[in-house]
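In: sequence and predicted structure below; questions after.
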Amino acid sequence: MPTINDIAVKLGVSKSTVSKALNNAADVSETLKKRILETAVEIGYEKNRIRKDSSKKLCILVENMDYENPMGFGYEIVIGFKQLAVPAGWEVDTIHMTEELQKMVSYDMFMLEHKYQGAFIVGFSLIDPWMKDFKSSNKPAVLYDNYIPENPRTAYVGVNNDEGFDMAIAHLKSLGHKTIGYLGGSLESHVTISRYNAYLHSMEKHGFCIDKSLTGCSYFISECTQKYLPVLLKKHVTAILCSHDSLANAVITHCMQLKYNVPDDISIIGFDDAPFSAYTMPGLTTIRQDRNALGRCGYYALSSLLNKTSISSLLLRAEFIERGSTSKVKKIC
């Protein structure tokens, strides 16, 4: 278990200073207290030892996402949220949510039973039972990558998908690509729908003809690679945009199995900049989401809702990360 000494070494301060900050001593500056508490959260010290107000409880409800493994996509999102919430005196529980539990109890009842004042919702799809609850729920909820327009007690946090795809297609256009395909997840969540539409809008913006036969969407990565990818290759696409990095990595692998060279024969771009993306072969060109910042924005939005400030959407700017999976189109002799 992480210790006070681990925090002190990481920040280059004394153990006594760390101890004082954790106990809210008056002779430690507020700035240093904040840094120490954020670091404590980052290394896991907060789980059992940081003093929190038991009357101030928030929860992070996670579904369909790995948040316990440091290489998991949700890990930094959870850390970012806690790095702001814990220093503000909140007790934060991270809960693995299931569809079965959602069917057993309503969202508001769950929050009331556990005395949570607000929730950060991560990884839910449009078909989850509580997505209907959020349209009229009373307890504040901030949803990552999902948008509820009807309820002022909810907010949406995410990355600007239009901006991200615009940068990706501009990059491919600069490399001479003209036939650009798209593979994505099943259109059962706000984010998958948003990214699909972002691809279409950006293609039109950059003067490309919209051809929906160059797209394929499925919940299963295997269906995308085995059913839709061969169709795109037969139509001689020179580049493929993918809605997330796991799919992009699978597409790279499958293309190589089919004797296509990436990026010489076909360029591949992902989305998210997942922790593994820098280590694929070749390294994956992708659109980055700052996951720690997303978690912090989740807390910021929830804090605003709790203070009766109604926030609709809070979008981070996307960042384009160029690696080895894209290159200029080969000249055809």
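Out: That came through fine.
In: low-scoring stretches of the stretch 151-300 of the chain, by residue?
Out: Low-confidence regions of the stretch 151-300 of the chain, defined by pLDDT under 70, are absent; no residue qualifies.
In: what segments of it are helices?
Out: Along the stretch 151-300 of the chain, the stretches classed as helices by DSSP state H, counting those that start in this stretch are 161-174, 190-205, 221-223, 229-234, 245-257, 291-306.
In: which neighbouring elements make contact with the second one?
Out: The elements that helix 190-205 packs onto, with contact taken as 3 or more C-beta pairs under 8 Å, 6 or more residues apart in numbering; DSSP states H and E, are strand 154-159, helix 161-174, strand 180-184, strand 215-217. To be clear about C-beta, it is placed using only N, CA and C from the backbone, and glycine gets the same treatment.
In: same thing but 7 Å
Out: With contacts defined as 3 or more C-beta pairs under 7 Å, 6 or more residues apart in numbering; DSSP states H and E, helix 190-205 has these neighbours: helix 161-174, strand 180-184.
In: just want the angle from that helix to helix 161-174.
Out: With axes from the mean of the first three to the mean of the last three C-alpha atoms, to 10 degrees applied, the angle from helix 190-205 to helix 161-174 works out at 40 degrees.
In: pull the residues that contact stretch 277-294.
Out: Stretch 277-294 is contacted from outside by 73, 76-77, 79-80, 144, 157, 159, 164, 167-168, 245, 248-249, 252, 262-263, 269-273, 316, 318-326, using C-beta atoms under 7 Å, 6 or more residues apart in numbering.
In: kindly report the same for stretch 205-219.
Out: Applying C-beta under 7 Å, 6+ apart, the external contacts of stretch 205-219 come out as 166, 169-170, 173, 180-188, 196, 200, 203-204, 224, 227-228, 231-232, 235, 237.
In: from the residues you listed, list just the buried residues.
Out: 166, 169, 173, 180-187, 196, 200, 203, 224, 228, 232, 237 (16 or more other C-beta atoms under 10 Å).
In: on that earlier part again, tabulate the helices and strands packed on helix 190-205 (a markdown table), appending distance to Glu150.
Out: What follows is those, written out as a markdown table (distance: least, C-beta to C-beta, whole Å):
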| stretch | distance to Glu150 |
| --- | --- |
| helix 161-174 | 22 |
| strand 180-184 | 26 |
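In: what's the closest of the ones you listed to Pro152?
Out: Taking C-beta to C-beta, helix 161-174 is the member of the helices and strands packed on helix 190-205 nearest to Pro152, at 23.4 Å.
In: list the buried ones in that closest one?
Out: Of the residues in helix 161-174, those buried by neighbour count under the rule 16+ other C-beta under 10 Å are 161-169, 171-173.
In: distance to Gln102 added to these, as a markdown table?
Out: Written out in a markdown table, the entries for the buried residues of helix 161-174 read as follows (distance: C-beta to C-beta, whole Å):
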| residue | distance to Gln102 |
| --- | --- |
| Asn161 | 26 |
| Asp162 | 30 |
| Glu163 | 32 |
| Gly164 | 30 |
| Phe165 | 31 |
| Asp166 | 35 |
| Met167 | 36 |
| Ala168 | 34 |
| Ile169 | 37 |
| His171 | 40 |
| Leu172 | 40 |
| Lys173 | 43 |
